[in-house]
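Asker: Fold the stuff below for me.
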Amino acid sequence: MLRQLLVKAQAVGLAAGLSAFPVFAAEMIEAIGAVRCGDLQKPYAVEFLAPEDADVQASAKRMVKGSEDINSAPPALSLDGKRCSDGRCAFRAAKGQLYKLASNSPGPPLGRLSISVTRP
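Answerer: Have a look, this model is predicted:
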């Protein structure tokens, strides 16, 4: 009887603890050559889990109606909190390492932000 009460109390505590903190799943890039896109209304961030040791380049683009917006300045891009120039970050990725890429775009909130990780 006491054991059942203890198990129920633990289950209730676990459920209460999980519901107190909302779960936010960041979009993940797990392959070199992959692209993820998000809305322009807020800064857009993805995590890149390096599948191998490699020289890679992360790029941010503003997409309008499915095409790259070449008439405006490239979106700002940062790698692990450090700003990159011209919407591009070249770096050496280590297998299994997680990198955070974040981008935002000035101007009107039309279209989408796209972040890609490719080989240079």
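
Asker: any low-confidence regions in this structure?
Answerer: Along the chain, the model assigns pLDDT under 70 to residues 1-25.

Asker: give me that answer again for 90
Answerer: Low-confidence segments of the chain (pLDDT under 90): 1-26, 39-43, 64-74, 86, 104-111.

Asker: For it, which segments are assigned as helices?
Answerer: 2-20 (DSSP state H).

Asker: For the protein, which residue occupies the most central location?
Answerer: In the chain, the residue lying closest to the centroid (CA atoms, centre = their mean) is V46, at 0.7 Å.

Asker: Please look at that one and A34 and confirm they touch.
Answerer: No. Contact between V46 and A34 fails when scored by CB atoms under 8 Å: they sit 9.3 Å apart. No exception for glycine: its C-beta is placed from N, CA and C like everyone else's.

Asker: Just list the residues touching the closest residue to S103 other than its chain neighbours, thanks.
Answerer: Using CB to CB, 6 or more residues apart in numbering and skipping the chain neighbours, the partner closest in space to S103 is A60 (3.9 Å). By CB atoms under 8 Å, 6 or more residues apart in numbering, A60 lies in contact with 74-77, 87-88, 101, 103, 105, 113-115.

Asker: Any chance of a PyMOL selection covering the buried ones in the residues you listed?
Answerer: The PyMOL selection below is limited to those of the contacts of A60 classed as buried (16 or more other CB atoms under 10 Å):
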select buried, resi 74+75+76+77+87+101+103+105+113+114+115
